[in-house]
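[1] Fold the following for me, if possible:
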Amino acid sequence: MGPSQAMRDRMFKKVDSNGDGSVSLDEFKALASNKRGGPDPLSSTDGESVEDLFSSFDADGDGSLSQSELDTGMAARMQAFADQLKAAMFAKADTNGDGSLSAEEFAAMRPPKRATAASTSLSVLA
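    Below you'll find the predicted structure:
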C-alpha cells in the first residue's frame, strides 16, 4: 500500500517551494539532491540526468510537474526500484545459482528472530 492522498499532498506542497501548484525543474533538482542516506529511488545508476528524469515525469511537456505527474512518475520509479531490490535479494539468497530458492535458502534470507519480552519471560519460567 502506498502513501495516502493526504501524505502525497503534504509531500507535494513541500517540494512545490514557491506554492504555484507545480514543481519546476529547479524544485525537482532540490528534491533529487536532498539525500537522507540509504537507497535513493531518484538516483541513477545508468547515467540518467536529473533533467532527463524530470522530462520523463513531465507527461504533457509543459516544463513543470503537476501533482498527478509527480505521483505517476514517482510510483513508476518506486516500482522499478522495488523490482531491482527484489532481484538483488533473490540473487543473494539463491546461493547455488539454480534460479529458485530452496527452503534452506529461503530461511537463510529471513532476518533473525528477535527475542521479545514475553518469550524471554516464558523461557525464564521454564
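
[2] CA only for contacts and neighbour counts going forward, please
    Will do.

[3] show me what contacts D71?
    R8 (CA atoms under 8 Å, 6 or more residues apart in numbering).

[4] And it, how far from A93?
    For D71, the distance to A93 equals 32 Å [CA to CA, to the nearest Å].

[5] can you pull the buried residues of the host helix or strand of D83?
    Assigned by DSSP states H and E, D83 belongs to helix 67-93. By neighbour count on 16 or more other CA atoms under 10 Å, the buried set for helix 67-93 is Q67, E69, L70, D71, G73, R77, F81, F90, A91, A93.

[6] what do you get for stretch 60-68?
    S64, L65, S66, Q67.

[7] ok, the residue nearest the centre of the chain to M11 distance?
    Centroid check for the chain by CA atoms, centre = their mean gives M78 as the closest residue, at 4.5 Å. According to CA to CA, M78 stands 15 Å off from M11.

[8] A88 now?
    For A88, the distance to M11 - CA to CA - is 29 Å.

[9] Over to A91?
    34 Å.

[10] and what of A59?
    In terms of CA to CA, A59 sits 20 Å off from M11.

[11] what about the strands in this structure?
    For the chain, applying DSSP state E gives no strands.

[12] mind checking how far stretch 89-102 is from the chain centre?
    What separates the centre of stretch 89-102 from the centre of its chain is 23 Å, taken as CA atoms, centre = their mean, to the nearest Å.

[13] tell me the average confidence for it?
    Over the span of stretch 89-102, the pLDDT mean works out to 93.

[14] gap between V15 and S33?
    V15 is 12 Å from S33, by CA to CA.

[15] for stretch 5-12, which positions count as buried?
    For stretch 5-12, by 16+ other CA under 10 Å, it's R8, F12.

[16] Could you list the residues in contact with it?
    Q67, D71.

[17] How about stretch 85-95?
    Under CA under 8 Å, 6+ apart, the answer for stretch 85-95 is G97, S100, L101, E105, F106, A108, M109.

[18] Identify those among those that sit within helices.
    In this view, the contacts of stretch 85-95 that belong to helices under DSSP state H are E105, F106, A108, M109.

[19] Generate a markdown table for those residues, with pLDDT, distance to G21 and neighbour count as supplementary columns.
    Converted to a markdown table, the ones in helices among the contacts of stretch 85-95 look like this (pLDDT from 0 to 100; distance: CA to CA, whole Å; neighbours: other CA atoms under 10 Å):
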| residue | pLDDT | distance to G21 | neighbour count |
| --- | --- | --- | --- |
| E105 | 93 | 49 | 16 |
| F106 | 91 | 46 | 13 |
| A108 | 89 | 48 | 13 |
| M109 | 83 | 44 | 14 |
